[in-house]
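> Based on what follows, work out the 3D shape:
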Amino acid sequence: MSASSRSRLNVLSLGLLIAAAAVVSRPGVSFAAADEAAAAAIKEFQEQPRPYMPIKVSKAEWDQNDEARFNEFVRAFGRAVERSPKRTLKSYMRDPSVNPYASTDPQGLVLYSDCADFPYFLRNYFAYKNGLPMQIAYGVQVNAQPYASSFVNEADLTKAKPESSPYGNNLTQRIASNIPVAPGRELNFVNYWSNMLGAVSTSTFRVGALTPNYDLSDVYPVKIDRNGIKPGTIVHSNGHILIVYDIEAKGTIRVVDAHPDNSLQVKIIEPATLDRSRPDHGFGFFNWRPLRAIGGQWIGGYLYNAAVRSASDRELFERGLFSLEQWFGPDSNIEPASSVRPDAWKAGFASIDFFDFLMMRLYSGSAPLQTDTVVGDYMVSLCEVLKQRTADIDSAIHAGMNRRAHPVELPDNVFSTTGEWEAYSTPSRDGRLRFAAADLPRQAITKFKQGTRRQYRFTFDGSAQDFQRSMLARLSLLNNTCKVTYAKSDGSRVTLTFTEMVRRLPSMSFDPYHCPERRWGASGSELASCIDGDTGGQWYALQQVMRNTVGKQDSNERLVIRSDRPITMDMMTDPRLIDQPSSAKVNVGASRSRVVDLESYFGSQQFLNDLSR
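Okay, the predicted model is just below:
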């Protein structure tokens, strides 16, 4: 490519990126849909005086030393969030104890990111500070067919959205190199990042590794071990992106994520935080593709007018980095661009649970892992996600959603739509919480048995009664340390323990038009102060069939709550539309609730019987 052609390409790429920022709409980011805190955070970033921060590239490629320093940058950043959670990205980036480059930034600089952008933010910021090349994938198209799985019955591709496409997406090009075309024409980092905010979304990650043109992706799927999963590894769950910052000796993966209000939080990876699905959806663990500049000119120690090339799938596979084993099973060695049986992925983890496999591959201790500790960690993780739910509820209440008249119908897809419902409702989070809570008894039983049999490096040196005592002791400690306090409609405050929150999950409303009391599953005198636009609580009562469901998708990858038209009150009382099989077009819920009372169950004879069976 000639120098003049490359110059035109760089300008074109930046133009496409700027155009993308103007037209791409993402739930939770636009002012119309986001809550006030998120809108204020975005506005503060976008409207700040733009300090001159020219991007100058002084290295042609990311080498192993750069990658190691990037990993350490992410590790230190995540640990800082763990020590002092719920601060904003802006405050973390200004703190020299968190950000080693803080003193080199202009005073008063405001930086912003939400969940999908956060991996890109850290990567771009590190590249900017270290003179490294960057570029991104762009152009997301919905796949019309699966490439590593089977067809989904009655998938309506005319309504498919990139963020929820049944067969994932594909990418069409790579754009937006950060390498300037000539001295004096350097891109301003704040402008470059501002434009990238509009070009990246969770749809960018919803791309299967066997999809055509996967080489265009910014990331690649990793081998499940400590060389593959490390600080900086990206985790794609359904509609959410997280970044690994630490892996404990016992194999627990600690992650940090960003939110539209610019806040950051930490979690651990377990069934409640990582959705598992067909390979075409691209859920799982990924690392950044190595980048290197091609051609160009070096002037005064800086590179100009060069192209950027990312490592291909084949290169990464031959280096032992690209692996599909997280879908097709331990040590599977499927090559890039292969054709696979549509059902091959379903058998990948038939002999071992994926999360057990994950922990065993990452466990670095010498002694066996105590299974009561593992279950205790799952309970702590559920506690953290329950506490993080408060931000969603507070957001809706602060926006006055509960003071508005309730709409006359619900969206046909309560999990993904547009406008106020998308910005303030919590059906996906609440469904995941109910799944995690319902799964705890099963995990306790399974882990006890694995421990007594010394399976997968698990152990438990004691009787069923000893395990029961350990579970009750851990639950008691959690009830003292894991609490949520919410403000009722009259301003008075109610504090809920971990056990109470878990027990209330089927009663907690995901409807943003409900009062805080209903959002937290209140009843009796606690509910008496409720003020909202749901006259007589009719919508709340009818939505119980929806709250009875667990998770977001069933085993056949259909939404558990689904409809081919907006959902009305009449539909939620129609028995022909409740408890319907996966083949049915409409299922508005389940007639029976799965209440989980951990205190009662763990203290029961039934629990002992289940452990001994």
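> now the strands: where do they sit in the stretch 51-200 of the chain?
Using DSSP state E, counting those that start in this stretch, the strands of the stretch 51-200 of the chain run over 136-142, 169-175.
> and of those, who's closest to residue 149?
Comparing the strands of the stretch 51-200 of the chain by their distance to residue 149 (C-beta to C-beta), the top pick is strand 169-175, with 14.2 Å. (Each C-beta comes from the backbone N, C-alpha and C, glycine too.)
> Stretch 459-479: which residues count as buried?
Using 16 or more other C-beta atoms under 10 Å as the test for burial, stretch 459-479 gives 459-460, 462, 464, 467-468, 470-471, 474-475, 478-479.
> what residue ranges in the stretch 151-300 of the chain are flagged as low confidence?
154 (pLDDT under 70).
> Helices of that one, start to end?
Remark: helices assigned in the stretch 151-300 of the chain by DSSP state H, counting those that start in this stretch are 189-197.
> and if you look at the stretch 501-613 of the chain?
516-519, 538-542, 544-547, 569-572, 598-602, 605-612.
> So which of the buried residues of stretch 459-479 belong to helices?
If you go by DSSP state H, the buried residues of stretch 459-479 have 464, 467-468, 470-471, 474-475, 478-479 in helices.
> Give the closest residue to residue 548 in space, chain neighbours not counted.
With C-beta to C-beta, 6 or more residues apart in numbering as the criterion, residue 548 has its nearest non-adjacent residue at 4.1 Å, and that residue is residue 590.
> same question, residue 357
Per C-beta to C-beta, 6+ apart, closest to residue 357 is residue 330, 6.1 Å.
> now do residue 478
Distances taken as C-beta to C-beta, 6+ apart put residue 498 closest to residue 478, at 4.6 Å, once the chain neighbours are dropped.
> For the residue nearest the centre of the chain, list the residues it contacts.
The chain has residue 240 as the residue nearest its centroid, 2.6 Å off, counting by C-alpha atoms, centre = their mean. Taking C-beta atoms under 8 Å, 6 or more residues apart in numbering, we find residue 240 in contact with 115, 202, 257.
> Could you list the low-confidence segments of the stretch 451-600 of the chain?
Scanning the stretch 451-600 of the chain with the threshold set as pLDDT under 70 gives no residue ranges.
> re earlier: what would the strands of the stretch 51-200 of the chain look like in a markdown table with distance to residue 430 and mean neighbour count?
Listed next are the strands of the stretch 51-200 of the chain as a markdown table, based on distance: least, C-beta to C-beta, whole Å; neighbours: other C-beta atoms under 10 Å:
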| stretch | distance to residue 430 | mean neighbour count |
| --- | --- | --- |
| strand 136-142 | 27 | 21 |
| strand 169-175 | 27 | 19 |
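> Quick one: closest of these to residue 261.
Residue 261 lies closest, by C-beta to C-beta, to one member of those: strand 136-142, at 24.3 Å.
> Taking strand 169-175 as reference, get the angle to that closest one.
Relative orientation of strand 136-142 versus strand 169-175 (axes from the mean of the first three to the mean of the last three C-alpha atoms, to 10 degrees): 150 degrees.
> From what I see, residue 256 and residue 245 are in contact.
Yes - between residue 256 and residue 245 there is a contact at 5.2 Å, judged by C-beta atoms under 8 Å.
> Find residues that contact each of the two.
Joint contacts of residue 256 and residue 245 (C-beta under 8 Å, 6+ apart) are 77-78, 81-82, 266.
> Sketch out the strands for the stretch 451-600 of the chain, chain order is fine.
Counting by DSSP E, counting those that start in this stretch, the stretch 451-600 of the chain has strands at residues 458-459, 483-487, 493-497.
> Of those strands, which stretch is the most buried?
Mean neighbours per residue, mean count of other C-beta atoms under 10 Å, is largest over the strands of the stretch 451-600 of the chain for strand 458-459, with a mean of 20.
> still on that earlier bit, which of the shared contacts of residue 256 and residue 245 sits closest to residue 130?
Closest approach between the shared contacts of residue 256 and residue 245 and residue 130, by C-beta to C-beta: residue 77, at 15.0 Å.
> distance between stretch 217-230 and the chain's centre?
Taking C-alpha atoms, centre = their mean, to the nearest Å, the mean C-alpha location of stretch 217-230 is offset from the chain mean by 17 Å.
> which parts of it are buried?
217-224, 228-230.
> now do stretch 348-359
Using 16+ other C-beta under 10 Å as the test for burial, stretch 348-359 gives 348-349, 354-359.
> now it: how far from the chain's centre is it?
Between the centre of stretch 348-359 and the centre of its chain there are 20 Å (C-alpha atoms, centre = their mean).
> Isn't residue 322 up against residue 316?
Yes - in this structure residue 322 lies within contact range of residue 316 using C-beta under 8 Å: 3.8 Å.
> Residues that sit against both of these two, list them.
Joint contacts of residue 322 and residue 316 (C-beta under 8 Å, 6+ apart) are residue 220.
> quick one, which of these two is more surrounded?
Shown here are residue 322 and residue 316; by other C-beta atoms under 10 Å, residue 322 has more neighbours (25 against 21).
> any idea how far residue 506 is from that one?
The spacing between residue 322 and residue 506, counted by C-beta to C-beta, to the nearest Å, is 43 Å.
> quick one on the thing from earlier: which of the contacts of residue 240 has the most neighbours?
Going by other C-beta under 10 Å, residue 257 tops those with 23 neighbours.
> okay, now the residue lying closest to it once chain neighbours are set aside: neighbour count?
Distances taken as C-beta to C-beta, 6+ apart place residue 242 nearest to residue 257, at 4.4 Å, with adjacent residues excluded. By other C-beta under 10 Å, 25 other residues sit near residue 242.
> What residues does residue 242 make contact with?
Residue 242 makes contact with 115, 234-235, 255-257, 267, 269, 273 under the criterion C-beta under 8 Å, 6+ apart.
> circling back to that earlier point, give the PyMOL command for selecting the buried subset of the shared contacts of residue 256 and residue 245.
Per 16+ other C-beta under 10 Å, the buried members of the shared contacts of residue 256 and residue 245 correspond to this PyMOL selection:
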select buried, resi 77+78+81+266
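> with the shared contacts of residue 256 and residue 245 in mind, which one is nearest to residue 131?
residue 77 (19.9 Å).
> ok, the closest one to residue 285 distance?
Separation of residue 77 from residue 285 (C-beta to C-beta): 19 Å.
> Equivalent analysis for residue 426, please.
Distance from residue 426 to residue 285, by C-beta to C-beta: 26 Å.
> Name the residue in the two with the higher neighbour count.
residue 285 (23 against 20).
> Now for the more buried one: which residues touch it?
Residues counted as contacts of residue 285 (C-beta under 8 Å, 6+ apart) are 221-222, 224, 228-229, 233-235, 244, 326.
> ok, these vs residue 179, which is closest?
residue 234 (23.4 Å).
> The closest one against residue 117, yeah?
No - contact between residue 234 and residue 117 fails when scored by C-beta under 8 Å: they sit 11.7 Å apart.
> Next up, the contacts around residue 192.
55, 124, 176, 178.
> burial of the residue nearest to residue 232 when sequence neighbours are not counted, as a residue count?
Nearest residue to residue 232, sequence neighbours excluded (C-beta to C-beta, 6+ apart): residue 74, at 4.4 Å. When counting by other C-beta under 10 Å, one arrives at 23 neighbours for residue 74.
> Kindly provide the distance from the nearest residue to residue 235 once chain neighbours are set aside to residue 75.
Leaving aside its sequence neighbours, residue 235 sits nearest to residue 242 (C-beta to C-beta, 6+ apart; 4.3 Å). Counting by C-beta to C-beta, the separation of residue 242 from residue 75 is 14 Å.
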